[in-house]
Structure formats: C-alpha cells, structure tokens
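1. Got a predicted structure plus its sequence, pasted below:
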Amino acid sequence: MTIGIDASRANKIQKTGTEWYSYYLIQELKKLDKKSHYFLYSKEALHGDLGQLPENWESKVLSWPPKFLWTQFRLSFEMLRQPPDLLFVPAHTIPLIHPKKTVTTCHDIGFERYPELYSPLELRYHRFGMRLAVRKAAKIIVPSEFTKKEMVEVYNADPKKFEVIYHGYNQEVYKVTEKNLPAPFDKGAVTVGHGGEVAVAPLSKGVAEGRGIREITEPFILYIGRLEKKKNTAGLVEAYARILNELKTNNELQNLKLVLVGGPGYGFEEVQEKIKKYNLEDRVIMPGWLSGEELARLLKLAELFVFPSFYEGFGLPILEAMACGCSVVASHLASIPEVGGDAIEYFDPHNIEDMSDKIAKVLINKNLQEELRKRGFERVKNFSWEKCARETLNVLESI
C-alpha cells in the first residue's frame, strides 16, 4: 500500500499544537511501518530530521504555482496526477481532489462555537474544509471524546465515522523524575531580554541575541498558548492582578511574575489593555514563541502552570506541564477535564474571582502543589506519541 501524508504543517519551523502533532506522528510512523511506501507532501524541502527518511519513505515537494491555497491547488493536482492508495491529512483541510481512502484529523471546531473570533474569509474556509471532510473522508481522527461529540452535534455526522486517538508528548524533552524534582525557583536560571524575550540557556537562535539581559529573580506562574480571546489570556491577566492584591502580605510571592508564552492572536489588544489597566508592564513577560527545550526549562521552574482556555480540542501543554513536575490549574471546560483527570485544580474560566482564588489556593498550599505534581506524573503515563501513532496506523490499515 502507498500512503501519502500532508507534511506541510509538520515542516513549519516554529511549531505549535497541530504542527507538533503532525511532526511527532510522522516521526513515530517512520519507526512503526516498514511495509507500506510513504510519500510526504510539502511546500518546500523537509527541514531537519523530518527529512531523514527510511527506505520506504519519499519526499515530494509540490513547489509549482500558485503559492496560495496549496492544498486545494497543488496537492489536489498531485492527487489527480499520481494518487497514493490512501491519503492522510493530519492537520489541515483535505484537498478537493483526493483518493476514496482519505483520512484526516480534526483537532477542534472552535470556529463553529466562536465564529466572531475569525475573519469572514477564515470562517468560510474552515467551514468548507470541515464539511468536506465530514462528507468525503473515509475516517476522521479526533483527539478527544469532547471533539467527537462536538462534530456529531454540529454536523449531524455518523459517530462511527470518528476515531478518538489521544495525543502524546515529547518524553525526551518534557521529563523530570520524582526523585529529582526541581526547586520551586532557582534564582538566575531564567534570563529575559529587555524587549521581553525569555532566554533559557542555551539560547535558541535569534532569541535575545545581541540584547541586554537581566535575570528573573522572582517566582512566576506560566501560561503557554496563543495570546487570544479563545484562550482567555486577558482573563488570566485580570485574575493575576487580583492575585497580586491578595498576596501583598506574602513575603515569598509578593513579587510574583506572569510569563505568557506564545504569539498574538485574535483579541491580543485586550491582553495589552489589561496589562496597562492594572499597571503590570514590569510584571507580565511575553517572550513570543519558544522552543520545546526552553518551554521545558520554564515549566520546571514555574510555581504553577495556568491554562484558562474557553475551548480546546485536546490541550497539549497540560501534558507537558505535568511531565515536567509543574502543578496545573486550568479551566473546567471542553476537553481539559478529559485530558487532566484528577491531576488538575479546576476553575470556571468565565468567573475571574474563581480563577484567581483557585490559582492563589495552589500557590499558597505547598501540600496541594505536591499532590497535583504526583497525580500529574501518574496521569501522563496514559499518553505517548508512540501509542498515538500505533493507533493511527491501525486506523489507516483498517480502511
């Protein structure tokens, strides 16, 4: 059997959730399947170890024009010209022209629940792509029972069309043993450029190079994800301001910082407005995108990890935080309780008072922090990219 995989998202340099899913899934499939012949379709030459291919794998760079709508023009043309037996699209829309045996992964349908957060063009394309997948794909993989339920409800789809396969996490990068837990804070371990860039030694290329560096010498709470309305980042800033007021008499935490890791998204202006409103310019650090190694370093040093999102199809940073021994406080909505189980202190993300109270509760209660850490170590044992890839391969081979 020949299997084609859309590797365009996996080939991005600065990866976030769905891109990492595509990347790790491809890397694990390389190890698992030595029988089928694979084609990796991309817009440009494969970067780094993604381009290190076993004998039964082949790269196909679809570089002809037009450069926009790569999936619907170039990938469709390739499917017409030389289709594989099966096409797998792990992180995007399936092409209009595709084999009968086409499998795709739907990560979430937040655009249906929060259409106001998308431009009219983005919204139309997302809806077009998802409806096309529901009608034409042989199978749709989803990362949670929550997303399956959403798909069935919104599109009146056959539940049998969906396969729930949980994501994994990078066990080589995000790890810490129970016997070697990091100290709550190690002074001087994290440095920040004057422009706000966090630099964790060794520096990522381009991060804080040539800039003046100052040390973070205070404890911090950490958020990872796009800085946007759907993720409720502005709500977290407001809750953080309330926490600072509550902890004024706490000598250990009165200088608590907030580190928001991720790029700006829809509603980022509101995040900036909240920071200005509460005079938090010197307390809130926004480094932008960071590498996995840098994220792991921050997670090991953070007082706790906060995930206040309104809507998630899975919530990969939750696993990464738990694996690094970082206590997690998170929203009780969407797929988050399904992923976190009993290893998270939950709050109502629509209630700023509840959010700030739960964060402060975990910050102050060291016994609760330790209990959440232990539960987190147990919880992440249920997830791995190898397991995700093996279950995905079973779906591909069953069609």
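-> Structure's in. What do you need?

2. What are the boundaries of the strands in the stretch 201-350 of the chain?
-> 213-215, 220-224, 257-261, 284-288, 304-307, 328-331, 344-347 (DSSP state E, counting those that start in this stretch).

3. could I get these as CSV with mean neighbour count, distance to residue 385 and mean pLDDT?
-> Any C-beta I mention is one placed from the backbone N, CA and C, and that applies to glycine too. Listed next are the strands of the stretch 201-350 of the chain as CSV, based on neighbours: other C-beta atoms under 10 Å; distance: least, C-beta to C-beta, whole Å; pLDDT from 0 to 100:
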stretch, mean neighbour count, distance to residue 385, mean pLDDT
strand 213-215, 11, 34, 40
strand 220-224, 23, 18, 95
strand 257-261, 22, 21, 94
strand 284-288, 20, 25, 90
strand 304-307, 25, 20, 97
strand 328-331, 26, 20, 98
strand 344-347, 22, 22, 98
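
4. Name the SS class of the closest residue to residue 115 other than its chain neighbours, please.
-> Leaving aside its sequence neighbours, residue 115 sits nearest to residue 123 (C-beta to C-beta, 6 or more residues apart in numbering; 5.5 Å). Assigned state for residue 123: helix (three-state reduction, DSSP: H, G, I helix; E, B strand; the rest coil).

5. hang on, residue 123 packs against residue 111?
-> Yes. With contacts counted by C-beta atoms under 8 Å, residue 123 reaches residue 111, the gap being 5.8 Å.

6. neighbour-wise, which of those two wins?
-> Higher neighbour count among residue 123 and residue 111: residue 111, with 20 against 16, using other C-beta atoms under 10 Å.

7. roughly how far apart are that one and residue 170?
-> Look at residue 111 and residue 170: by C-beta to C-beta, to the nearest Å, they are 28 Å apart.

8. For residue 66, the count of nearby residues, please.
-> Neighbours around residue 66, by other C-beta under 10 Å: 9.

9. Name the nearest residue to it, ignoring sequence neighbours.
-> Nearest residue to residue 66, sequence neighbours excluded (C-beta to C-beta, 6+ apart): residue 73, at 5.6 Å.

10. Assumed that neighbour was part of a helix.
-> Yes. Assigned with three-state DSSP, residue 73 falls within a helix.

11. from what I can see it touches residue 67, true?
-> No. Using C-beta under 8 Å, residue 73 is not in contact with residue 67, being 9.0 Å away.

12. and the two? which has more neighbours close in?
-> Using other C-beta under 10 Å as the criterion, residue 73 and residue 67 rank with residue 73 on top: 18 against 10.

13. and the gap between residue 386 and residue 3?
-> According to C-beta to C-beta, residue 386 and residue 3 sit 18 Å apart.

14. neighbour count winner among these two?
-> Per other C-beta under 10 Å, whichever of residue 386 and residue 3 has more neighbours is residue 3, with 23 against 14.

15. got the phi/psi numbers for the more buried one?
-> phi -120, psi 120 (degrees, to the nearest 10).

16. likewise residue 37?
-> Dihedral pair for residue 37: phi -100, psi 130, per degrees, to the nearest 10.

17. Likewise for the one 4 residues further on?
-> The phi/psi pair for residue 41 (degrees, to the nearest 10) reads phi -90, psi 130.

18. Tell me the pLDDT of it.
-> For residue 41, the pLDDT comes out at 98.

19. do the same with residue 198
-> Residue 198 is given a pLDDT of 42.

20. next one: residue 160
-> Reported pLDDT for residue 160: 96.

21. Give me the number of neighbouring residues for it.
-> Residue 160, neighbours per other C-beta under 10 Å, totals 8.

22. same question, residue 337
-> Residue 337 is flanked by 16 other residues according to other C-beta under 10 Å.

23. Check the one 5 residues further on too.
-> Neighbourhood size, residue 342 [other C-beta under 10 Å]: 12.

24. Residue ranges of each domain in this structure, please.
-> 2-168+384-398, 178-382 (automatic domain parsing).

25. mean pLDDT for those: which is lowest?
-> domain 178-382 has the lowest average pLDDT among the domains of the chain, namely a mean of 83.

26. From the chain's centroid, how far away is that domain?
-> 14 Å (C-alpha atoms, centre = their mean, to the nearest Å).

27. Mind jotting down where the helices sit in the stretch 251-399 of the chain?
-> Using DSSP state H, counting those that start in this stretch, the helices of the stretch 251-399 of the chain run over residues 268-277, 292-301, 316-323, 336-340, 352-364, 366-379, 385-398.

28. orientation of the first one relative to strand 284-288 in degrees?
-> An angle of 150 degrees separates the directions of helix 268-277 and strand 284-288 when computed by axes from the mean of the first three to the mean of the last three C-alpha atoms, to 10 degrees.

29. Was I right to think residue 316 contacts residue 20?
-> Yes. Between residue 316 and residue 20 there is a contact at 6.9 Å, judged by C-beta under 8 Å.

30. Could you check how far the nearest residue to residue 324 once chain neighbours are set aside is from residue 323?
-> Of all residues not flanking residue 324 in the chain, residue 299 sits nearest, at 3.8 Å (C-beta to C-beta, 6+ apart). Going from residue 299 to residue 323 by C-beta to C-beta gives 8 Å.

31. Now the common contact residues for the two.
-> Common contacts of residue 299 and residue 323, defined by C-beta atoms under 8 Å, 6 or more residues apart in numbering, comprise residue 174.

32. re earlier: pipe the helices of the stretch 251-399 of the chain into CSV and attach distance to residue 15 per row.
-> Below are the helices of the stretch 251-399 of the chain laid out as CSV (distance: least, C-beta to C-beta, whole Å):
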stretch, distance to residue 15
helix 268-277, 20
helix 292-301, 9
helix 316-323, 11
helix 336-340, 19
helix 352-364, 28
helix 366-379, 23
helix 385-398, 14
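
33. thinking again about what came up before, residues in contact with the residue nearest to residue 324?
-> Per C-beta under 8 Å, 6+ apart, neighbours of residue 299: 174, 222, 305, 320, 321, 324, 325, 326.
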